[in-house]
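Enquirer: Sequence first, then the predicted structure:
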Amino acid sequence: MCVCLNYDTNRDIIINSEAESEEYAIARRQMSCYCYGKQFDLQFNQLCRSIKKISDDDPIILQLMMVILTFTESMLVEDIVVNEQPVLMNSKQVYEAQSIYLSLLFRYMIEKYATYYQAARQYSRLIQKTIQMPVLLRTYQQLLREQLDDASDEEINPVLKSILRLH
C-alpha cells in the first residue's frame with residue numbers, strides 16, 4: 001500500500017518526491033524491469049494502477065489499509081521469506097485493532113461513496129486486490145532466489161543472505 005501511495009500512474013514509477021529525484025525513480029524502474037522482466041513489471045504496474053483506481057487515489061484509504069495490513073498474517077515479509085506464519089505475541093489485540101481500523105475504513109468509504117452499495121463494492125474490490133499482493137511478492141521473491149542461486153557466497157551481501165535466509 002505504501003508503494004501505491006507513491007505510485008505515479010502517468011509515468012508508471014514509484015517516486016517519493018520528498019526523498020528522491022524523478023531520474024532516480026526512472027532508473028530504479030528500468031533496473032527492476034531488467035532484473036525481473038517485463039512480465040513482472042507489467043503485473044506490478046497493473047496491481048498498483050488497480051488499487052489506486054479502486055481507492056480513487058485517496059491517501060486516507062491507502063493509509064488505513066497500510067495500518068490494517070501491517071500485522072496481517074501472510075502479508076508480512078517474514079512470512080514471504082520463510083513461508084510460515086509469524087508468531088504474534090498478542091494476536092487477539094492485533095485482531096481487535098485491525099477490526100477497529102477496518103470498521104473505520106468502511107465507514108469512511110460509505111461517506112465517500114454516498115451509498116452503502118457503492119462503498120461495499122469498492123471495499124470488496126480493494127480486499128480482492130490486496131489478496132493479490134502476496135502472490136506478486138512471492139513471485140518477486142522466487143525470481144530473486146533464482147538469480148541468487150547462481151551467485152557465489154562471496155558475491156552476496158551478508159545482510160541480504162540473512163534477510164532471505166540463504167545459508
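Expert: Received, thanks.
Enquirer: Off-centre distance for the helix or strand where Leu62 lies?
Expert: Taking DSSP states H and E as the criterion, the element that holds Leu62 is helix 59-69. For helix 59-69, the separation from the chain centroid amounts to 11 Å (computed by CA atoms, centre = their mean, to the nearest Å).
Enquirer: Any buried residues in that helix, and which?
Expert: 61-62, 64-65, 67-69 (16 or more other CB atoms under 10 Å). For every residue, glycine as well, the C-beta is placed using N, CA and C.
Enquirer: Show me what that helix is packed against.
Expert: helix 2-5, helix 91-113, helix 116-149 (3 or more CB pairs under 8 Å, 6 or more residues apart in numbering; DSSP states H and E).
Enquirer: what do you get if the cut-off is 6 Å, keeping everything else the same?
Expert: Applying 3 or more CB pairs under 6 Å, 6 or more residues apart in numbering; DSSP states H and E, we find helix 59-69 packed against helix 2-5, helix 91-113.
Enquirer: Which helix or strand in this structure has the lowest average pLDDT?
Expert: For the chain, scoring each helix and strand by mean pLDDT, DSSP states H and E identifies helix 77-82 as the least confident one, at a mean of 47.
Enquirer: thinking Met109 is in contact with Ala119, fair?
Expert: Yes - with contact defined as CB atoms under 6 Å, Met109 reaches Ala119; the gap is 4.1 Å.
Enquirer: higher neighbour count, these two?
Expert: Taking neighbours as other CB atoms under 10 Å, Met109 and Ala119 compare with Met109 leading, 23 against 19.
Enquirer: Contact partners for the more buried one?
Expert: 119, 122-123 (CB atoms under 6 Å, 6 or more residues apart in numbering).
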